[in-house]
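In: no sequence on this one, just coordinates:
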């Protein structure tokens, strides 16, 4: 279950469907990623084709999945929950 967000636009999209604050062209994939993340009980539940689950920049506590191009959803996963869920283009 998703317990907290860092990106307020992503949080609003998750809770209300509002695309304000996210790239509208990413909305379908973001919806799938967030739905799966909310249902996940372990980080490997996010290991799906096209998501490219990997540690975030070598971090042992944060993970990343691909949205599109350079865009990523980054999160911390502990005790069967996702925390500090962020949406960013790091490049």
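Out: Looks like it arrived, so ask away. Values in this document were obtained by computation on a predicted structure and should not be read as measured data.
In: going forward, measure contacts and count neighbours with C-alpha atoms only.
Out: Will do.
In: quick one: residue 20 is in a helix?
Out: No. Counting by DSSP: H, G, I helix; E, B strand; the rest coil, one finds residue 20 to be coil, located in no helix.
In: contacting residues around it?
Out: For residue 20, the contact set (Cα atoms under 8 Å, 6 or more residues apart in numbering) comprises 9, 13.
In: would you list the phi and psi of it?
Out: phi -70, psi 120 (degrees, to the nearest 10).
In: so residue 39 touches residue 33, yeah?
Out: No. Counting by Cα atoms under 8 Å, residue 39 stays clear of residue 33, with 10.0 Å between them.
In: the two: who's more crowded?
Out: residue 33 (19 against 16; other Cα atoms under 10 Å).
In: ok but that one is inside a helix, no?
Out: Yes. Assessed with three-state DSSP, residue 33 lies in a helix.
In: how close does it sit to residue 10?
Out: Remark: distance between residue 33 and residue 10 (Cα to Cα, to the nearest Å) = 11 Å.
In: cool, and residue 4?
Out: Distance of residue 4 to residue 10, computed by Cα to Cα: 11 Å.
In: these two - which one has more neighbours?
Out: Using other Cα under 10 Å, the more surrounded residue of residue 4 and residue 10 is residue 10, with 26 against 16.
In: got the contact list for that one?
Out: Counting by Cα under 8 Å, 6+ apart, residue 10 has contacts 21-22, 86-87.
In: and it, which of the three is it?
Out: Here residue 10 is helix, with the state taken from three-state DSSP.
In: so what's the most centrally placed residue in the chain bridging to?
Out: For the chain, residue 73 is the residue whose C-alpha lies nearest the centre (Cα atoms, centre = their mean; 3.4 Å). Using DSSP bridges, the beta-bridge partners of residue 73 come out as residue 65, residue 87.
In: so it makes contact with residue 55?
Out: No. Between residue 73 and residue 55 there is no contact under Cα under 8 Å: 11.6 Å.
In: find the residues that touch each one of those two.
Out: residue 64.
In: where do the strands sit along this structure?
Out: Here the chain has its strands, by DSSP state E, at 54-55, 62-68, 71-78, 81-88.
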